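*Asks:* I need the structure of the sequence given here:
(one chain, ligands or ions: 1)
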Amino acid sequence: MWTSPRQLALLGLAVAGQVHAKPVKGISELECLAVDLVVLALDACTTATAFCSNYLSIPTITKTATVTTSLTTTQITSSTTGTNIITESTVTQTQTATATVTTCILSQAEEDSSSDSYKKRNVGPRPCRPATRKAIPTALSKFSQDEISTACSCLGIPTPTVTVTATATATKPTTSIINIAATSDVTATSVITITTTTTDIVCPTPSQCNNQGLQFALYPNNQGDSSDATYSIFDPTVYKTETPEFSGITSTAGGFDYSYVQEITVYGTSYEFESDYFVLDHRGYIFAAENGSYTITFTNVDDIVLLWLGANAYAGWTRANANAGIYFGEGGDGSASVDMVEGEYMPIRIMYAQAQGAAVFQVSITAPDGTVFLSSSTENSPYLVQYSCDLVSAPQFPAWGSET
Ligand SMILES: *[C@@H]1O[C@H](CO)[C@@H](O)[C@H](O)[C@H]1NC(C)=O
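*Replies:* Residues are numbered from 1 along each chain as shown. This is a model prediction of the structure:
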């Protein structure tokens, strides 16, 4: 048996004249007015809430919501070489959050119901059909079940409580350092520079300043005949202060062999003189183009050759300190060697003396490598000079006649 809302409203107004109820969703205020008496009765009943809740069989609706959260993971790339281009990727993580909602949603319960009878009632105070009902409190026994149900709803019993337990578990993006071996197509052009070290051994040459050749001086020999093997009376020092009869510069030395006395010239000059009783003094410096032994060789000397090398050749020479004495009476052949260091200037003096008779003088100077840079036919050589250009390494000799 069903009492219309209007009837209830009239009843309510007649009995109480007050409206206590607050309608919940889906229940019109008018309907609540109609059950106000019931509401009043419930209001006074301490067990009304529990009753209504049970009476209305408020269901528990579990709603599961799926939450999708986008998390951005940045890849941090560590590399030691090369250039890695990493495209930042977006990682989508799907999280499932479970929300438990406990409430009585009238309209939804109505829609969700499979009962046709509920569907027909789009509005109304009876959304939830209890399966089993508790005993109606005595105070409400005089009301119909529908009226009680409406009244419960009007009371807002149960107060819709929403308990949401949302557990969101998000996985913290892992900060991972990814070591990526750089894989790249590299077209490498290798330029291999081959350094070839070529050692050219260039013999040092002295700077040149029109200083090549030997200086020579012609003197008359007033020391008499050569009457022993070494022409022992010959004194070379007398020419230090004697003005020469003739002097010049020559790139050759020796080269003459006169078996009898005659008018001769020497070293390409035009000065003529008798081929007996003369002295030819030669002086200068050997420039060492290389390390080693430099050899001065004399052959067929007639009458005498005295050789000085080093300081004595420059000044202070005597017959006694000659480095070599080559005498006709001892065969006329001989040589002397001197070790020199490359770049070194070595003073040299060669004094040839002819007395009576035949005049023969052959000389050559040979470098360590066999090069002959002084003979009767040599050209100007940078290794045979009158002085060094700096005039220090190999100073000028004193003027002829002013030697010491
Ligand atoms: C020449 O000798 C000097 C002195 O002994 C030495 O220092 C130099 O290296 C030598 N030069 C060569 C080319 O051997």
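*Asks:* Contact partners for the residue nearest to E403 when sequence neighbours are not counted?
*Replies:* Spatial nearest neighbour of E403, chain neighbours left out: K240 (4.0 Å); criterion: C-beta to C-beta, 6 or more residues apart in numbering. For the C-beta atoms, the positions are set from N, CA and C on the backbone; glycine is no exception. Contacts for K240 were tallied using C-beta atoms under 8 Å, 6 or more residues apart in numbering; they are 401, 403-404.
*Asks:* which of those count as buried?
*Replies:* Of the members of the contacts of K240, the ones counted as buried by neighbours, 16 or more other C-beta atoms under 10 Å, are E403.
*Asks:* Take the contacts of K240 and keep only those in strands.
*Replies:* Of the contacts of K240, none are assigned to strands by DSSP state E.
*Asks:* From the contacts of K240, pick the one nearest S232.
*Replies:* Closest approach between the contacts of K240 and S232, by C-beta to C-beta: E403, at 22.5 Å.
*Asks:* gap between that closest one and the ligand?
*Replies:* Distance, E403 to the ligand, by C-beta to the nearest ligand atom, to the nearest Å: 31 Å.
*Asks:* I'd say that residue and F397 touch.
*Replies:* Yes - if you go by C-beta atoms under 8 Å, E403 and F397 touch, sitting 7.1 Å apart.
*Asks:* For the nearest residue to P382 once chain neighbours are set aside, give me its contacts.
*Replies:* Distance criterion C-beta to C-beta, 6+ apart; nearest residue to P382, sequence neighbours excluded, is T205 at 4.6 Å. Shown in contact with T205 (C-beta under 8 Å, 6+ apart): 287, 289, 382-383.
*Asks:* How about N312?
*Replies:* 318, 321-323, 347, 349.
*Asks:* Out of the residues you listed, which is nearest to the ligand?
*Replies:* Using C-beta to the nearest ligand atom, P347 is the member of these that lies nearest the ligand, at 19.3 Å.
*Asks:* Give me the mean pLDDT for the helix or strand hosting that closest one.
*Replies:* Assigned by DSSP states H and E, P347 falls within strand 345-354. For strand 345-354, the mean pLDDT works out to 97.
*Asks:* and it, which strands flank it?
*Replies:* strand 278-287 (antiparallel), strand 304-309 (antiparallel) (DSSP bridges).
*Asks:* Just after it, pick out the following helix or strand.
*Replies:* Using DSSP H and E, the next helix or strand after strand 345-354 towards the C-terminus is strand 359-366.
*Asks:* Give me the contacts around that following strand.
*Replies:* Contacts of strand 359-366 (C-beta under 8 Å, 6+ apart): 253-258, 261, 264, 275-276, 278, 280, 286, 294-302, 305, 328, 332, 348, 350, 352, 354, 372-376, 384.
*Asks:* Looks like N221 contacts Q354 (just checking).
*Replies:* Yes - N221 lies in contact with Q354 (C-beta under 8 Å); the separation is 6.5 Å.
*Asks:* Give me the common contacts of the two.
*Replies:* Shared contacts of N221 and Q354, defined by C-beta under 8 Å, 6+ apart, are found at 277-279.
*Asks:* Among the residues you listed, which one lies nearest to the ligand?
*Replies:* V279 (36.3 Å).
*Asks:* what's across from the closest one in the sheet?
*Replies:* As for beta bridges, V279 partners with Y219, A353 under DSSP bridges.
*Asks:* Please apply the same query to F273.
*Replies:* Here F273, judged by DSSP bridges, has bridge partners I264.
*Asks:* Verify the stated contact: it with V261.
*Replies:* No - counting by C-beta under 8 Å, F273 does not reach V261; the two are 10.6 Å apart.
*Asks:* Mind checking which of the contacts of T205 are in strands?
*Replies:* F287.
*Asks:* now, the most widely separated pair of the contacts of T205?
*Replies:* Of all pairs drawn from these, the greatest distance, 8.0 Å, lies between A289 and P382 (C-beta to C-beta).
*Asks:* And these two? Which one has more around it.
*Replies:* Each of A289 and P382 has its neighbours counted (other C-beta atoms under 10 Å); A289 has more, 24 against 16.
*Asks:* Now do the strands in the stretch 151-300 of the chain.
*Replies:* For the stretch 151-300 of the chain, applying DSSP state E, counting those that start in this stretch gives strands covering 177-179, 214-220, 246-250, 256-258, 263-264, 273-274, 278-287, 292-302.
*Asks:* Can you name every helix or strand that the last one contacts?
*Replies:* This points to strand 292-302. Here strand 292-302 touches strand 304-309, strand 324-327, strand 334-340, strand 345-354, strand 359-366, going by 3 or more C-beta pairs under 8 Å, 6 or more residues apart in numbering; DSSP states H and E.
*Asks:* That one versus strand 304-309: what angle between them?
*Replies:* 160 degrees (axes from the mean of the first three to the mean of the last three C-alpha atoms, to 10 degrees).
*Asks:* Note down every partner strand of strand 292-302 and its orientation.
*Replies:* strand 334-340 (antiparallel), strand 359-366 (antiparallel).
*Asks:* Pick the most deeply packed of these.
*Replies:* When the strands paired with strand 292-302 are scored by mean count of other C-beta atoms under 10 Å, the highest mean neighbour count falls to strand 359-366 (a mean of 22).
*Asks:* Using CSV, write out every CA atom in it.
*Replies:* Output of strand 359-366 as CSV, limited to C-alpha atoms (Å, rounded to 0.1, in the frame of the first residue of the first chain):
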residue,chain,number,x,y,z
ALA,A,359,166.2,22.9,-58.8
VAL,A,360,163.4,20.5,-58.0
PHE,A,361,160.4,21.0,-55.8
GLN,A,362,157.2,19.0,-55.7
VAL,A,363,154.6,19.3,-53.0
SER,A,364,151.1,18.3,-52.4
ILE,A,365,148.7,18.6,-49.5
THR,A,366,146.1,15.9,-49.1
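*Asks:* can you give me the angle that strand makes with strand 214-220?
*Replies:* Going by the same axes, to 10 degrees, strand 359-366 makes 160 degrees with strand 214-220.
*Asks:* following strand 359-366, which helix or strand shows up next?
*Replies:* Counting by DSSP H and E, the next helix or strand C-terminal to strand 359-366 is strand 372-374.
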